[in-house]
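In: turn this into a structure:
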Amino acid sequence: MNLIRNPELLDRLAASYSLGTLHGGARRRFEQMAREFPQVRAAALLWQGRWSAFSEVQAPVQPDAVVWTRIANLLQAEKSSARLARQREAAASKSPSGALAWWRGLALAGGLATVAAISVGLWSHQGLREASQQKLSALQTQLQMAQAELQAVPQIQYVAVLADGKADASMLVTFDPQHQQLVLQRVSGFKEADNKSLQLWALPQQGAPRSLGIMGDGKLEQLTAQESEMRAIPALAISLEPKGGVPSSAGPTGPVLFKGALIRRDL
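Out: This is a model prediction of the structure:
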């Protein structure tokens with residue numbers, strides 16, 4: 001099956017691969033296709049960023065003290081059951097009259113234990129109900145915060161993996177038309193000299209290359225762009241220019257280090 005012609009299947013496999021639930025031969029085949037096709041690499045890198053963002057949204061939760069109380073009660077009940085079983089085995093070897101007295105004493109002790117367990121259970125239930133109400137309120141607050149954060153998550157519709165001359169991925173470029181945000185992420189160890197800058201270029205089907213911005217020294221760079229100008233771009237490239245870049249009208253003056261196709265993803 002050609003994953004490139006089946007974007008929905010590619011998206012599901014990339015999500016599973018990034019999450020770690022894709023195993024065995026399927027994982028090896030996906031990695032092989034990622035080495036051959038930039039679209040597959042882009043989908044995997046995109047989902048890796050999404051999963052890492054979700055881990056930052058979820059806040060750690062500590063269990064209530066009443067939970068530990070119930071666990072301790074259950075463990076104590078198991079120990080009592082084991083002790084009673086051993087006592088029953090010992091009673092089987094005694095005389096009938098002695099066994100009868102033993103069973104009566106055991107019944108009395110069992111009744112007292114039942115009353116005590118019910119009392120502890122009622123107290124634990126009351127504390128558990130109050131703790132549950134507090135936990136529910138906290139979860140509702142966290143849910144509202146998570147929904148607000150998810151609304152602010154970029155709606156990425158354009159992806160490009162820019163590779164060097166050896167077809168090794170060096171830069172991941174994503175574009176969010178809703179927020180008019182173009183993001184460049186370094187995915188290799190390339191580092192330009194202090195007196196040089198990396199400049200991003202749009203490569204239209206016709207006409208000269210057009211500058212989209214200059215990348216800083218960090219691993220991530222955010223630029224502003226309009227969807228109308230991104231929609232007509234089939235490919236992107238990055239050139240090595242003097243510090244601060246060159247005017248768009250001049251076009252790339254230094255070597256083109258990375259380039260790749262700009263892919264539109266249907267959400």
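
In: in stretch 197-206, what's buried?
Out: Across stretch 197-206, burial judged by 16 or more other CB atoms under 10 Å covers 197-203. Where C-beta positions appear, they are placed from N, C-alpha and C, glycine not excepted.

In: buried stuff in stretch 62-75?
Out: 64, 66, 70.

In: helix or strand for the last one, which one?
Out: For residue 70, the host element (DSSP states H and E) is helix 65-91.

In: which neighbouring elements make contact with that helix?
Out: helix 96-151 (3 or more CB pairs under 8 Å, 6 or more residues apart in numbering; DSSP states H and E).

In: for whatever helix or strand comes next after the helix it packs on, name the packing helices and strands.
Out: The element immediately downstream of helix 96-151 (helix or strand, assigned by DSSP H and E) is strand 158-163. Applying 3+ CB pairs under 8 Å, 6+ apart, one finds that strand 158-163 contacts helix 38-57, strand 169-176, strand 235-242, strand 256-261, strand 263-264.

In: circling back: ok, so of the buried residues of stretch 62-75, who is nearest residue 260?
Out: The shortest approach to residue 260 among the buried residues of stretch 62-75 belongs to residue 64, at 51.8 Å (CB to CB).

In: what's the pLDDT at that closest one?
Out: For residue 64, the model assigns a pLDDT of 74.

In: same check on residue 248?
Out: For residue 248, pLDDT reads 88.

In: could you look up the SS state of the closest residue to it other than its chain neighbours?
Out: Leaving aside its sequence neighbours, residue 248 sits nearest to residue 211 (CB to CB, 6 or more residues apart in numbering; 3.7 Å). Applying DSSP: H, G, I helix; E, B strand; the rest coil to residue 211 yields a three-state assignment of strand.

In: ditto for residue 26
Out: Strictly by three-state DSSP, residue 26 counts as helix.

In: can you check residue 208 too?
Out: Quick answer, by three-state DSSP: residue 208 is coil.

In: equivalent analysis for the one 10 residues further on, please.
Out: Recorded secondary structure, residue 218: coil (three-state DSSP).

In: I'd like to know how many residues surround it.
Out: Using other CB atoms under 10 Å, residue 218 has 10 other residues around it.

In: ok so, going back, report the distance from the helix holding residue 70 to the chain centre.
Out: 41 Å (CA atoms, centre = their mean, to the nearest Å).

In: check stretch 181-191 too.
Out: 20 Å.

In: can you pull the buried residues of stretch 11-29?
Out: Quick answer for stretch 11-29 (16+ other CB under 10 Å): 11, 13-18, 22.

In: actually stretch 181-192, sorry about that
Out: 181-184, 186-187.

In: which ones among those map onto strands?
Out: Of these, the ones assigned to strands by DSSP state E are 181-184, 186.

In: pick out the residue nearest the middle of this structure.
Out: residue 51 (1.9 Å; CA atoms, centre = their mean).

In: quick check: that one touching residue 17?
Out: No - with contact defined as CB atoms under 8 Å, residue 51 does not reach residue 17; the gap is 10.5 Å.
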